[in-house]
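Engineer: The sequence and its predicted three-dimensional model are supplied below.
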Amino acid sequence: METINFNGISCQVVRRNSRRIRLVFHGGQLRVVLPRHVDPLSIIDQHKKWILEKHEWFRRQLLLAGQLELVRRSKEGFLRLVRDWSRHYAGALGVQPAGIGFRKMKSKWGSCSTMGKISLNTKLQVLPEELIAFIVFHELAHLKVRNHGTAFKALIRAEFPDFRSLDKQLKLFGLKIL
């Protein structure tokens, strides 16, 4: 993998046996995926405006994320909080998870297996209570609706009318701690 510096922006160049070209920002770093025979500088130059705009947007998001305060909460307090929200929302949704576990995750806050087991990121412990409740509800809602389609969004919106704001907060916290 090559690394190119473009206007102070670190750019990873990934070459693959494919015809498609992709530009993506991941964790604040630009990644250009291209066929082996394509010159990365010409692709970067073609997309210069988008790259600079996206980089600036990401820089602002990182500044906002840096201002967020993490919650100091004991492990026992966190487990009690998750247990309480799980009981509350499982009852409200009329679902019963096969189990709730915790593990370190690199890029998401939680997941729901096809067997009905909920996994939550251990880093949730430092998030505000409202965001923990939101994630617990989100994962339990997957026991009713397995995808993120219209029915799922209606369930989420019914409990959290401001879910878009909560999603934005989660993304900022993700930049800070994931």
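Structural biologist: Received, thanks. Numbers count the residues shown, from 1 in each chain.
Engineer: switch to C-alpha atoms for all contacts and neighbour counts from now on
Structural biologist: Noted.
Engineer: For Trp109, which non-adjacent residue is closest in space?
Structural biologist: Excluding its sequence neighbours, the residue lying closest to Trp109 (Cα to Cα, 6 or more residues apart in numbering) is Asn121, at 5.0 Å.
Engineer: how long is stretch 28-48 end to end?
Structural biologist: 16 Å (Cα to Cα, to the nearest Å).
Engineer: Tell me the buried residues in that stretch?
Structural biologist: Judged by neighbour count using 16 or more other Cα atoms under 10 Å, the buried positions of stretch 28-48 are 28, 30-35, 40, 44.
Engineer: and that stretch, how far out from the chain's middle?
Structural biologist: Its chain's C-alpha centre lies 25 Å from the corresponding centre of stretch 28-48 when counted by Cα atoms, centre = their mean, to the nearest Å.
Engineer: Contacts for that stretch next, please.
Structural biologist: With contact meaning Cα atoms under 8 Å, 6 or more residues apart in numbering, stretch 28-48 is reached by 9-25, 51, 55, 58-59.
Engineer: at 6 Å instead, please
Structural biologist: In this structure, residues lying in contact with stretch 28-48 by Cα atoms under 6 Å, 6 or more residues apart in numbering are 11-19, 21-24.
Engineer: Work out which residue lies at the spatial centre of the protein.
Structural biologist: The geometric centre of the chain, computed from its C-alpha atoms, lies nearest to Lys108 (Cα atoms, centre = their mean), at 4.7 Å.
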